[in-house]
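>>> coordinates only, sequence not included:
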């Protein structure tokens, strides 16, 4: 009997220990948040993130940069320093201790939106898990004493809910109730919300919100995470959908359909190897229209154009856009009359030129691949202008005249009209030239007032793309590579390294051109560059990528620093 009792005691202690270790400060707080909140903001491991950044090679590089020197003399920075000292005096502790011992583990800020018709009825819940329970109690006591001395608070009275103690702050509308349970602080805008949190703590409910954040943003720990619950706003969205005229109601009702298809959304800020900003959504595709499903399916795929843009591009953007599906989606938000008027307008201005029905014959032939790219001039080039190229996949279609050729001829007509107009106004002549690059017909403009040296606007049909470029040579370099992509789908890339090289290499010509164009002194342009270049040295590249799985899409903006953010 004693042996069996000892076994159960040991097992119970083991289970408790494993659970205590498994449940992080994040999970402990998130399981107290009611399911029907509209927003929930989580600040996690501020202590660890701060220690990592303060000990990073990136910060050492920043401290040696001219930017750090300018910051020390900045008026706003000086005001922040003075404000920090005042705050430390009020709290009776320095900000480092506040950061590490009070705010360092986890902080949660949740909002339950007001019911429809009650604009001032938002309810707020603040949760905090401190490392040092005694210091937390001192801070709470200190704040209460300060408010009492200022007349904002008249008394603090203890209350109890199902055996758990909390306090009511008499005379104030700001944080009127709170519970201090060792290292855990719960602050609420009303007693009912505080009771919900205490009930969830006593019941030890599963932290479903923590699970949702991990599903959307991934398992890695982030400095900031924001959960958005669409269901908390359904009533307000439905009420708005019944306001306005017929056209407005039609659009808003369709917005409501899309809104109800969203199960959840989250925004996360990461601070590990790179600085990342991720926005993710969970969508029930079966609740979307066929056009919306087609549009999203195409957008989720990598574009072939990324294989045609070099790795050393200053800027490269490539994606997929289903024009026909988008037009159908857009039409869902319009009344039949308005949609027909839009179609008539397209046919009047574009369809007549191409001799095509724009919606039925042209849009299905456009895309889905589109993109643009900016690269530095080739080594030894006399021009300071970057090479630019934009491309859109175009198919010929099933009926003559071919859509791709019709677009090319339309651009040719516009270029000819521009030449005639220019030459009628200026003595310096502009010409429309033609050259062939391996049987590819390239049209380009030369001469003319206002065109910088090296700029020869060109266009062509090449490899199934309608290509617009800064010169015929840029069209020639529009060729595929063997580069392949796995994982996240790349959309936009800005190489800060290449941008810095470009500004340094072509500085003199760039300064002269910008000064002439902006009618300012070269010294002014030089001053701006001198302020920009040191800042660019801190970073490597900026990327936007997209990852799509079943019912979920995440878009991530990633800023890569020149030096690591951690050892």
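All right, it came through fine. Fair warning: this is a prediction, and the values are worked out from it, not measured in the lab.

>>> give me the distance between residue 421 and residue 430.
9 Å (C-beta to C-beta, to the nearest Å). C-betas here are computed from N, CA, C, even on glycine.

>>> next: residue 239.
Residue 239 is 58 Å from residue 430, by C-beta to C-beta.

>>> which of these two has more neighbours?
residue 430 (19 against 12; other C-beta atoms under 10 Å).

>>> ok, now which ones touch the more buried one?
Going by C-beta atoms under 8 Å, 6 or more residues apart in numbering, residue 430 touches 418-419, 422-423, 445-448, 451.

>>> dump the residues you listed into CSV; add secondary structure, neighbour count and distance to residue 565 as well.
Listed next are those as CSV, based on DSSP: H, G, I helix; E, B strand; the rest coil; neighbours: other C-beta atoms under 10 Å; distance: C-beta to C-beta, whole Å:
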residue, secondary structure, neighbour count, distance to residue 565
418, helix, 15, 50
419, helix, 17, 53
422, helix, 19, 52
423, helix, 15, 57
445, strand, 19, 47
446, strand, 16, 48
447, strand, 15, 51
448, coil, 18, 49
451, coil, 15, 44
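
>>> how about JSON lines for the residues you listed, with pLDDT and distance to residue 163 added?
Converted to JSON lines, the contacts of residue 430 look like this (pLDDT from 0 to 100; distance: C-beta to C-beta, whole Å):
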{"residue": "418", "pLDDT": "94", "distance to residue 163": "82"}
{"residue": "419", "pLDDT": "95", "distance to residue 163": "87"}
{"residue": "422", "pLDDT": "94", "distance to residue 163": "86"}
{"residue": "423", "pLDDT": "94", "distance to residue 163": "91"}
{"residue": "445", "pLDDT": "96", "distance to residue 163": "83"}
{"residue": "446", "pLDDT": "94", "distance to residue 163": "86"}
{"residue": "447", "pLDDT": "90", "distance to residue 163": "88"}
{"residue": "448", "pLDDT": "84", "distance to residue 163": "85"}
{"residue": "451", "pLDDT": "84", "distance to residue 163": "81"}
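
>>> between those, which sits nearest residue 231?
residue 418 (54.1 Å; C-beta to C-beta).

>>> so the closest one sits against residue 445, correct?
Yes. With contacts counted by C-beta atoms under 8 Å, residue 418 reaches residue 445, the gap being 7.4 Å.

>>> show me what contacts residue 212?
227, 264, 266.

>>> switch to 10 Å and redo it
Residues touching residue 212, when contacts are defined by C-beta atoms under 10 Å, 6 or more residues apart in numbering, comprise 30, 40, 227, 229, 263-264, 266, 282.

>>> between those, which is nearest residue 131?
residue 30 (18.0 Å).

>>> confidence score at that closest one?
Confidence at residue 30, expressed as pLDDT, is 95.

>>> ok but residue 346 is inside a strand, no?
No. Counting by DSSP: H, G, I helix; E, B strand; the rest coil, residue 346 falls outside a strand, being helix.

>>> would you show me how to pick out the buried ones of the contacts of residue 212 in PyMOL?
This is how PyMOL selects the buried members of the contacts of residue 212, with burial counted by 16 or more other C-beta atoms under 10 Å:
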select buried, resi 30+40+227+229+263+264+266+282
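
>>> quickly find the element holding residue 136.
According to DSSP states H and E, residue 136 maps onto helix 133-149.

>>> next SSE after that helix?
strand 155-161.

>>> show me what secondary structure element comes after that next one.
Assigned by DSSP H and E, the successor of strand 155-161 is strand 164-170.

>>> now do residue 162 against residue 188, distance only.
From residue 162 across to residue 188, the span is 16 Å (C-beta to C-beta).

>>> so between these two, which is more surrounded?
Shown here are residue 162 and residue 188; by other C-beta under 10 Å, residue 188 has more neighbours (24 against 8).

>>> quick check: closest non-adjacent residue to that one.
residue 194 (3.8 Å; C-beta to C-beta, 6 or more residues apart in numbering).

>>> who touches that neighbour in this structure?
By C-beta under 10 Å, 6+ apart, the neighbours of residue 194 are 125, 159, 161, 164, 166-168, 176-179, 186-188.

>>> go with 8 Å
Neighbours of residue 194 in contact, by C-beta under 8 Å, 6+ apart: 125, 161, 166, 177-179, 186, 188.

>>> and the furthest pair within these?
125 and 161 (14.7 Å).

>>> of those two, who's got more company?
Using other C-beta under 10 Å as the criterion, residue 125 and residue 161 rank with residue 125 on top: 24 against 17.

>>> what does stretch 502-521 contact?
314, 376-377, 384, 386, 452, 522, 524-526, 529, 532-533, 536.

>>> quick one: which of the residues you listed is nearest to residue 271?
residue 536 (20.5 Å).

>>> what is the burial count for the closest one?
Neighbours of residue 536 (other C-beta under 10 Å): 17.

>>> nearest spatial neighbour of it, skipping sequence neighbours?
residue 500 (4.5 Å).

>>> contacting residues around that neighbour?
With C-beta under 8 Å, 6+ apart, residue 500 has these contacts: 533, 536-537.

>>> return the member of those nearest to residue 467.
Using C-beta to C-beta, these come closest to residue 467 at residue 536, 30.0 Å.

>>> quick check: that closest one touching residue 494?
No. Counting by C-beta under 8 Å, residue 536 stays clear of residue 494, with 10.8 Å between them.

>>> could you list every residue that touches residue 24?
residue 106.

>>> model confidence for it, exactly?
The predicted local confidence for residue 24 is 86.

>>> from residue 200, how far out is it?
17 Å.

>>> tell me the buried residues in the helix or strand harbouring residue 210?
Using DSSP H and E, residue 210 maps to helix 208-217. Residues of helix 208-217 classed as buried: 209-210, 212-213, 216-217 (neighbour count, 16+ other C-beta under 10 Å).

>>> and what of stretch 387-400?
For stretch 387-400, by 16+ other C-beta under 10 Å, it's 387-394, 397.

>>> so of the residues you listed, which ones are in helices?
Among the buried residues of stretch 387-400, no member falls in helices (criterion: DSSP state H).

>>> next, format these as CSV and append pLDDT.
Converted to CSV, the buried residues of stretch 387-400 look like this (pLDDT from 0 to 100):
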residue, pLDDT
387, 95
388, 96
389, 97
390, 98
391, 97
392, 97
393, 97
394, 97
397, 90
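
>>> among those residues, which lie within strands?
387-394 (DSSP state E).

>>> ok, residue 309 - contacts?
Here residue 309 is in contact with 316, 318, 371, 373 (C-beta under 8 Å, 6+ apart).

>>> dump those to a markdown table, plus distance to residue 406.
What follows is those, written out as a markdown table (distance: C-beta to C-beta, whole Å):
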| residue | distance to residue 406 |
| --- | --- |
| 316 | 29 |
| 318 | 25 |
| 371 | 22 |
| 373 | 25 |
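
>>> closest to residue 299 among those?
Nearest to residue 299 among the contacts of residue 309, with distances taken as C-beta to C-beta, is residue 318, at 11.9 Å.

>>> report how many residues lie close to the spatially closest residue to that closest one that is not a sequence neighbour.
Of all residues not flanking residue 318 in the chain, residue 371 sits nearest, at 3.4 Å (C-beta to C-beta, 6+ apart). By other C-beta under 10 Å, the residues close to residue 371 number 23.
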